[in-house]
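Colleague: need a 3D model of the following:
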Amino acid sequence: MRNARALTMMAFAVILAFVAVIVAARWINAQASGNTNKVAVALLDISLGARISPEMVRMVDWPANALPPGAFNDPKLLDARVTRTSIQHGEPIMESKLAPPGTQGGLSAVVGEGKRAMTVRVNDVVGVAGFALPGNYVDILVNTQDEMTKNASGRDPSISKIVLERILVLAIAQESSRDDTKPKVVNAVTLELTPDQAEKLDLARSVGTLSLVLRNQIEDKPVNTEGATKTSLLDTKVAAQVPAPAPRPVVRHRVVQGPVGPQVDVIKGLERSSQQF
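Modeller: A predicted model of the protein is given here:
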């Protein structure tokens, strides 16, 4: 009897434990499903300036307390939107990475508000050996002739000066992808400029030779330089003007025969005197 009662109690305990496990599992699943939301992520790599289609997006569960700002929970809202930056596979698609609704695809979608895109010709030297990639910042250097110095005699009019600072590289040749870090030697670079900067750049490339100077990504302090000239390059200093010594007085003697004896005129500088012998 005692063994039968013990077995019954053990069986009853096992059943209660099994029920408890099922109830706990259902409660955990209910809590988990209640704390997640659907978020649209990229199904493949989406390049900059591309138009999003439904085939590029899939919905995944995302913790409700860690939703990315500006994330989308409806794939229909992403139809025909254009990307402003590259989006990697599995990365959430956010509003900050998209151009305004109605924007056409292409590089124009990447140009910031109030900015312009301008392309300049470069070579392997001007293009910083291909290290100026989309997303980098560059300074623009021009080598030209200084008209004011050119009119002055005895001075070389050549000058090199940084005319534009912290200019964003939008594209190199026909590529605007910012994911590749491998240097590429191209024949053209497209830059993002304000209208005033675009005018300066257009003038600079017509009056001299342009060079790009690769800049640190996070440095934004302007640097005002006076420009480099041949004089400053060679560190040539004009010799100080030493005043010439005053001329020594000239003494001239003239013998004049007078009635009494010879007369001598002594001239010292501007003074003149006579002596009678």
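Colleague: so which residues of the stretch 151-277 of the chain form helices?
Modeller: All helices of the stretch 151-277 of the chain, identified by DSSP state H, counting those that start in this stretch, fall at 195-207, 230-234.
Colleague: in terms of mean pLDDT, which of those ranks lowest?
Modeller: Looking over the helices of the stretch 151-277 of the chain, mean pLDDT reaches its minimum on helix 230-234, with a mean of 83.
Colleague: span of stretch 139-156 from start to end?
Modeller: 25 Å (C-alpha to C-alpha, to the nearest Å).
Colleague: ok, stretch 84-94 next?
Modeller: Distance across stretch 84-94, first residue to last, is 11 Å (C-alpha to C-alpha).
Colleague: ditto for stretch 61-69
Modeller: Its first and final residues considered, stretch 61-69 spans 15 Å by C-alpha to C-alpha.
Colleague: may I see the buried residues of it?
Modeller: Of the residues in stretch 61-69, those scored as buried under the neighbour-count criterion (16 or more other C-beta atoms under 10 Å) are residue 62. To be clear about C-beta, it is placed using only N, CA and C from the backbone, and glycine gets the same treatment.
Colleague: again with stretch 119-135
Modeller: Under the neighbour-count rule (16+ other C-beta under 10 Å), stretch 119-135 has 120, 122, 126, 127, 128, 132, 133, 134, 135 buried.
Colleague: now tabulate those residues in JSON lines and tack on pLDDT and distance to residue 223.
Modeller: As requested, those are arranged in JSON lines below (pLDDT from 0 to 100; distance: C-beta to C-beta, whole Å):
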{"residue": "120", "pLDDT": "91", "distance to residue 223": "21"}
{"residue": "122", "pLDDT": "86", "distance to residue 223": "22"}
{"residue": "126", "pLDDT": "79", "distance to residue 223": "20"}
{"residue": "127", "pLDDT": "77", "distance to residue 223": "21"}
{"residue": "128", "pLDDT": "83", "distance to residue 223": "17"}
{"residue": "132", "pLDDT": "86", "distance to residue 223": "18"}
{"residue": "133", "pLDDT": "85", "distance to residue 223": "22"}
{"residue": "134", "pLDDT": "86", "distance to residue 223": "24"}
{"residue": "135", "pLDDT": "85", "distance to residue 223": "21"}
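Colleague: farthest pair in those residues?
Modeller: Using C-beta to C-beta, the pair of the buried residues of stretch 119-135 lying farthest apart is 126 and 135, separated by 18.8 Å.
Colleague: out of the buried residues of stretch 119-135, which is nearest to residue 158?
Modeller: Within the buried residues of stretch 119-135, the smallest distance to residue 158 is 17.7 Å, found for residue 126 (C-beta to C-beta).
Colleague: in contact with that closest one, which residues?
Modeller: With C-beta atoms under 8 Å, 6 or more residues apart in numbering as the criterion, the residues that contact residue 126 are 210, 211, 212.
Colleague: at 6 Å instead, please
Modeller: Remark: with contacts taken as C-beta atoms under 6 Å, 6 or more residues apart in numbering, residue 126 is in contact with 211, 212.
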